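[1] Predicted model and sequence follow; I will ask about them next.
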Amino acid sequence: MKLTNRKSSFLNKKVSLVAATAPTCTIAEQYRTIRTNYLSSIDCKNARTIMITSANGQEGKSTVAANFAISLAQQGKKVLLIDANLRNPILDFSFKVKNSIGLSNLLNGRVRFEDTIADTGIQGVDLLPSGPIPLNPAELLGSPNMESLILKSTGLYDVVLLDTFSILEVSDAKILANQCDGLIIVIQSGKTKSDDIMKVKKQLKHSKAKCLGIILNES
């Protein structure tokens, strides 16, 4: 399929929510194609918790995660988008929600699930922002509280999407892959190296999650 770090620059913090803001454009149609492939695929039938990752940073995974969530909601699905990038979150800024309370607080056992969910303003899409950046992100993501969160979420939502840190840089995404049903890998045209794709496949070889597909981001 083709689609045309928390930075100091505000312009780099925001992903384009084109599926909501320009639903008739070509790129939005590509997200609908991804949605159709997901909903019609036998391999995806039981994949309700899906991790969106990439080999390296700034390859478009957060943009894909956000727009895939919106596209699914436009089809009538109730979607929870979790910003599981506890090192360099971006989705709170993109959806213009507060990030003072979120996933890190929840995994530390300091707040209730209900207190962390943010209204994105898009019908059918809820966001669980990352929360304050913790000192031990990998340990939190691999904790029993994370497993409990995923279990609870699947009882409340049709699809749960997790935007993660890039997989070759730290262990976070690999940890989450063992807690999700499936994963989607985003690669960027002209940037992602073929060797990196092979390294990602090797990293995820023994994970629980099934690779549902690779999305080529051309933007």
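    Now that the structure is in, tell me what you want to look at.

[2] which residues touch the helix or strand containing Phe68?
    Taking DSSP states H and E as the criterion, Phe68 maps to helix 61-74. Contacts with helix 61-74, where a contact means C-beta atoms under 8 Å, 6 or more residues apart in numbering, come from 3, 15-20, 23, 28, 31-32, 34-35, 38, 52-54, 79, 81, 85, 90-91, 94-95, 122-125, 158-159, 161-164, 166, 184, 186, 215, 217, 219. Placement of C-beta: from N, CA and C, glycine included.

[3] now with 6 Å?
    Applying C-beta atoms under 6 Å, 6 or more residues apart in numbering, the contact partners of helix 61-74 are 15, 17, 19-20, 31-32, 35, 52-54, 79, 81, 90, 122, 124-125, 159, 161, 163, 186, 215.

[4] Low-confidence bits of this protein, can you list those?
    For the chain, residues meeting the criterion pLDDT under 70 lie at 1-14, 42, 219.

[5] all helices for it, in order.
    Along the chain, the segments classed as helices by DSSP state H run 18-21, 26-40, 61-74, 91-95, 103-107, 113-116, 137-141, 144-156, 172-177, 194-203.

[6] so Gly131 touches Leu106, yeah?
    No. Here Gly131 does not reach Leu106: they are 7.2 Å apart, not a contact under C-beta atoms under 6 Å.

[7] Asp158 reaches Leu80, doesn't it?
    No. Contact between Asp158 and Leu80 fails when scored by C-beta under 6 Å: they sit 9.0 Å apart.

[8] between those two, who's got more neighbours?
    Leu80 (23 against 15; other C-beta atoms under 10 Å).

[9] mind checking how far the more buried one is from Asp119?
    Taking C-beta to C-beta, to the nearest Å as the measure, Leu80 falls 12 Å from Asp119.

[10] swap in Ile133?
    Ile133 is 23 Å from Asp119, where distance means C-beta to C-beta.

[11] Which of those two has more residues huddled nearby?
    Ile133 (14 against 11).

[12] mind listing what the more buried one touches?
    Counting by C-beta under 6 Å, 6+ apart, Ile133 has no contacts.

[13] what about Asn56, neighbour count?
    Residues lying near Asn56 (other C-beta under 10 Å) number 17.

[14] my guess is it contacts Ile167, does it?
    No. Look at Asn56 against Ile167 with C-beta under 6 Å: they stay out of range, at 8.5 Å.

[15] what sits opposite the spatially most central residue of the chain in the beta ladder?
    By C-alpha atoms, centre = their mean, the mean C-alpha position of the chain lies nearest to Asp163, the distance being 2.2 Å. Beta bridges link Asp163 to Ile52, Asp83, judged by DSSP bridges.
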